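>>> Below is the sequence, then the predicted model.
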Amino acid sequence: MNKIISINLCSIIFQIDEIAYENLKKYLFEIKQNLGSSASANEVYVDVENRIAELFQQKLNDGAQAILPKDVEELMSVMGQPSQFKEFTDDNTAQNNSSHFEHDNKTNNQFRRIYRNPNDKVLGGVCSGLAAYLGIDPIIIRLAFVALFFVGGTSFLIYLICWIAIPKAITAAEKMAMNGKSITFDEIKKNVQREANNVKDNFERMSYDIKNNQNGSDTVRHIAKVLVKVIAFLFLIFGLMIFVPLALALLAVLFSVGFAAPIVLGFLTNSATDAKLLVFAACCMIFIPIVAIIYKLIRLIFKSNPISTWVKTAVTVLWFASIISIVYIAQKITSDFKYDKTITEQISFTPTPSKTIYLNSEWLHDNTKSHRRMHINIGIWGNHNFGIMDTIANGNIELKIATSPDSLIHLLIEKSAQGPTDSEAQKRAASITYNASQNDSILILPHYFTKAGHQMWRNQEVNLILQIPNNKQISLSQNALDLLDDDAFQTQYENLTDEIKINTKWIITSMGLKEAK
Amino acid sequence: MNAENIQMQMRKGVLEYCILSVIAKNKSYASDIINSLKEAKLLVVEGTLYPLLTRLKNEGVLKYSWEESKTGPPRKYYELTPEGETILTEMNKTWHELAFAVQSITK
């Protein structure tokens, strides 16, 4: 059972079978491509459409109800292969006819088109086809491909895409075109313009359809098609502009696939299946558009024929599937952050008789600032990557200072974490360890905390509230200052330099730290 | 490769000559031309014919007029222009010379 579609061919309405319609559409499209973009090409195309309308009309006059696939096949045998339409279109053929007998096919006047060369091939004939197109010896291209293979396997991918995108030269005409007149920059420009015109044509046809409001579903189909075309065109322009960065990104992806899985496994998800799926889907999501752009570029520049819609559909489906998988896993990961739980632990220290309490902090290994930054930036990611210190987070700690209710120093440690359930979040929060220590009048509050090794990183945080007895004043080290909350100071002291802040003794007020007189 | 190429060039030249000859007899529609060519066993598909007719028209060898058709859209009927007739006369001459030459050489 097939749908019947109404088409308008030269102002005659035909009922046509769905499959016949698709075949006819493809046939006409290929004819149009072969005719090229010259002024007379359009005239020829109209003649061809007229003739098709006439042949179909005869079918209907003979009593057929609709145009069937076999009618379209019959039409094709009468009209010939799309490639046969271009055999004599070239405007130069007439003037240079005589010279053809004297020269070999290297100098024929047809514009050159790229084909895979079946007569001189190692794998698919891509290299010799490219060589014929560029007018150089195939061995040069082959060597270049082999050399590039050792640069991250780039050429392997390029070869595969070319194999798919470039058609094989089968007919004599195609073999001639393979060695035809070389393509100038103008030709490439014309191709691009033709693409732009196609989009314009579709727009015009769409507005015509809407105005005449012929058939609701047809109009919707058309709008959808035009939208796809427009998006494809924009995508292509965009692709041209960012082609080089994309090619680099492609390389980066090639290299990162190996490294990506362990990061994803430890950090984003605990399930190995999910991690593999995620990496695979991410690769598909990035790879497919890049390959599509390269493919489109090859087709545009070399004017080759389209690959089967079957492959296109499969690839499109794969791309959407990869997006869906990513959304699915992202949703799963997000749900792991659903509940937020904070546990407060309190430790107390007995102050020494001295008036001043010295606050210090320490980073994990050393005190130089550059190392410190490195720890913050890659502490979580990097450590996971290499399996060292994978339970330690440098940074992510904030200190507030308040007045103690009694004569002791209290440290409130607020540990928080997120999880898929309240109890899971609580478990994660509870697994955080924070070790503050007192050394005479020096209080050391580390700038890092640890979590239990088997727990995932789920937004673990530690907030400190240090309660200092009323009669004490404090002195800050640079490290302690880094740990301190931004608005710990009273407003008038906020903008002082770190150096002054370190050399000042502070007392605690309800408004923040204040200089001790 | 080379034989194919020369065959194609030969066919191409002969095809144009034959088409002009068919049109010279009668005002013709594309499928009429095809039928005449098929009768003469000169294999060609319509797809090849349309670009050729359009080019000959653009070169001023042919002109066309529209005629209503009972079976479909209006048809283009081609006929020779005066220039086309001159060309055909020259082609006739050349052909006979060539045919004679080929015959006497290959005999």
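The structure has been received and is ready for your questions.
>>> so A:Val44 makes contact with B:Thr54?
Yes - the pair A:Val44 / B:Thr54 is scored as a contact, 4.9 Å apart, by CB atoms under 8 Å. Glycine gets a C-beta too; all of them are placed from N, C-alpha and C.
>>> Tell me which helix or strand the one residue sitting closest to the centre of chain B sits in.
Nearest to the mean C-alpha position of chain B, by CA atoms, centre = their mean, lies B:Ile19 at 1.6 Å. Following DSSP states H and E, one finds B:Ile19 within helix B:2-25.
>>> Next, the buried residues of that helix.
Using 16 or more other CB atoms under 10 Å in any protein chain shown as the test for burial, helix B:2-25 gives B:5, B:8-9, B:12-13, B:15-23.
>>> Rounded mean pLDDT for the longest helix along chain A, please.
In chain A, assigned by DSSP state H, the helix with the most residues is helix A:272-302. Here helix A:272-302 scores 76 as its mean pLDDT.
>>> Buried residues, the helix or strand just after that helix. List them.
Downstream of helix A:272-302, the next assigned helix or strand under DSSP H and E is helix A:309-335. Buried residues in helix A:309-335, defined by neighbour count with 16+ other CB under 10 Å: A:315, A:319, A:322, A:325-326, A:329, A:333.
>>> Counting neighbours, what do you get for the residue of chain A found nearest chain B?
Taking CB to the nearest CB, chain B has its nearest neighbour within chain A at A:Gly80, 2.8 Å off. If you count neighbours by other CB atoms under 10 Å in any protein chain shown, A:Gly80 ends up with 18.
>>> Quick check on B:Pro74: phi, psi?
Torsion angles at B:Pro74 (phi, psi; degrees, to the nearest 10) stand at phi -60, psi 150.
>>> Touching, it and B:Trp66? I think so.
Yes - using CB under 8 Å, B:Pro74 is in contact with B:Trp66, at 4.8 Å.
>>> pLDDT value on the residue of chain A closest to chain B, please?
Taking A:Gly80 on its own, its pLDDT is 83.
>>> What separation is there between it and A:Met176?
Using CB to CB, to the nearest Å, one gets 17 Å for the distance from A:Gly80 to A:Met176.
>>> and what of A:Phe145?
From A:Phe145 over to A:Met176 (counting by CB to CB), the distance is 26 Å.
>>> same check, this time on A:Glu345
Look at A:Glu345 and A:Met176: by CB to CB, they are 84 Å apart.
>>> the more surrounded of the two?
In this view A:Glu345 and A:Met176 are compared by other CB under 10 Å, and A:Met176 has more residues nearby, 21 against 14.
>>> so which helix or strand takes in the more buried one?
Taking DSSP H and E as the criterion, the element that holds A:Met176 is helix A:172-178.
>>> tell me which element A:Leu399 falls in.
Secondary structure assignment for A:Leu399, by DSSP H and E: strand A:397-403.
>>> my guess is A:Ser437 meets A:Ser361, correct?
No - between A:Ser437 and A:Ser361 there is no contact under CB under 8 Å: 11.2 Å.
>>> intersection of neighbour lists for these two?
Common neighbours of A:Ser437 and A:Ser361, counting by CB atoms under 8 Å, 6 or more residues apart in numbering or on different chains, are A:Ile444.
>>> which one of those two has more residues nearby?
Taking neighbours as other CB under 10 Å, A:Ser437 and A:Ser361 compare with A:Ser361 leading, 24 against 13.
>>> wouldn't that one be in contact with A:Ala480 here?
Yes - using CB under 8 Å, A:Ser361 makes contact with A:Ala480 at a distance of 4.7 Å.
>>> Pull up the overlap in contacts between these two.
Joint contacts of A:Ser361 and A:Ala480 (CB under 8 Å, 6+ apart) are A:Leu445.
>>> Tell me the residues of chain B that contact chain A?
B:1-2, B:4-6, B:8-9, B:12-13, B:30-31, B:45-48, B:50-55, B:58-59, B:69, B:71-76 (CB under 8 Å from any CB of the partner chain).
>>> ok, of these, which come out buried?
By neighbour count, with 16+ other CB under 10 Å, the residues of chain B next to chain A hold B:5, B:8-9, B:12-13, B:30, B:45-48, B:50-55, B:72-73, B:75-76 as buried.
>>> Can you pick out the ones from those residues that are in strands?
Judged by DSSP state E, these include B:75-76 as members of strands.
>>> For the residue in chain B that chain A sits nearest to, list the residues it contacts.
In chain B, no residue comes nearer to chain A than B:Val45, which is 2.8 Å away by CB to the nearest CB. Residues in contact with B:Val45 (CB under 8 Å, 6+ apart) are A:77-81, A:84.
>>> any idea how far it is from B:Ile23?
Distance check for B:Val45 against B:Ile23: by CB to CB, it reads 18 Å.
>>> burial of residue 33, as a residue count?
Looking at chain A here, since you left the chain open. A:Gln33 - counted by other CB under 10 Å - has 18 other residues nearby.
>>> The intended chain is chain B.
Neighbourhood size, B:Ile33 [other CB under 10 Å]: 21.
>>> That one should be in a helix, yeah?
Yes - counting by DSSP: H, G, I helix; E, B strand; the rest coil, one finds B:Ile33 located in a helix.
>>> list the contacts for it?
By CB under 8 Å, 6+ apart, the neighbours of B:Ile33 are B:19, B:22-23, B:49, B:53, B:78.
>>> residue contacts, the closest residue to B:Ala30 other than its chain neighbours?
Leaving aside its chain neighbours, B:Ala30 sits nearest to B:Leu49 (5.7 Å; criterion: CB to CB, 6 or more residues apart in numbering or on different chains). Applying CB under 8 Å, 6+ apart to B:Leu49 gives the contacts B:19, B:30, B:33-34.
>>> CSV for those, including pLDDT?
Output for these, formatted as CSV (pLDDT from 0 to 100):
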residue, pLDDT
B:Ile19, 89
B:Ala30, 85
B:Ile33, 87
B:Ile34, 85
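>>> Next, format the residues you listed as TSV and append distance to A:Asn119.
Shown next, in TSV, are the contacts of B:Leu49 (distance: CB to CB, whole Å):
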residue	distance to A:Asn119
B:Ile19	33
B:Ala30	35
B:Ile33	35
B:Ile34	33
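>>> Closest to A:Asn495 out of these?
The closest of the contacts of B:Leu49 to A:Asn495 turns out to be B:Ala30 (CB to CB; 89.0 Å).
>>> What's the separation between the residue nearest the centre of chain A and A:Ile164?
The centre of chain A sits closest to A:Ile286, judged by CA atoms, centre = their mean, with a distance of 3.7 Å. To A:Ile164, A:Ile286 is 19 Å away according to CB to CB.
>>> Same question for B:Leu37.
To A:Ile164, B:Leu37 is 39 Å away according to CB to CB.
>>> what do you get for A:Ser271?
Applying CB to CB, the value for A:Ser271 to A:Ile164 is 34 Å.
>>> Please identify which of these two sits among more neighbours.
Each of A:Ser271 and A:Ile164 has its neighbours counted (other CB under 10 Å); A:Ile164 has more, 16 against 13.
>>> can you tell me the helix or strand for that one?
Assigned by DSSP H and E, A:Ile164 belongs to helix A:154-165.
>>> contacting residues around that helix?
So helix A:154-165 is contacted by A:116, A:123-124, A:126, A:130, A:144-149, A:250-251, A:291, A:294-295, A:298-299, A:304, A:307, A:311 (CB under 8 Å, 6+ apart).
>>> got the contact list for A:Pro69?
Contact analysis of A:Pro69 by CB under 8 Å, 6+ apart lists A:17, A:19-20, A:23.
>>> Tell me how far it lies from A:Ile4.
From A:Pro69 to A:Ile4 the distance is 12 Å (CB to CB).
>>> next one: B:Phe100
Per CB to CB, B:Phe100 is found 59 Å from A:Ile4.
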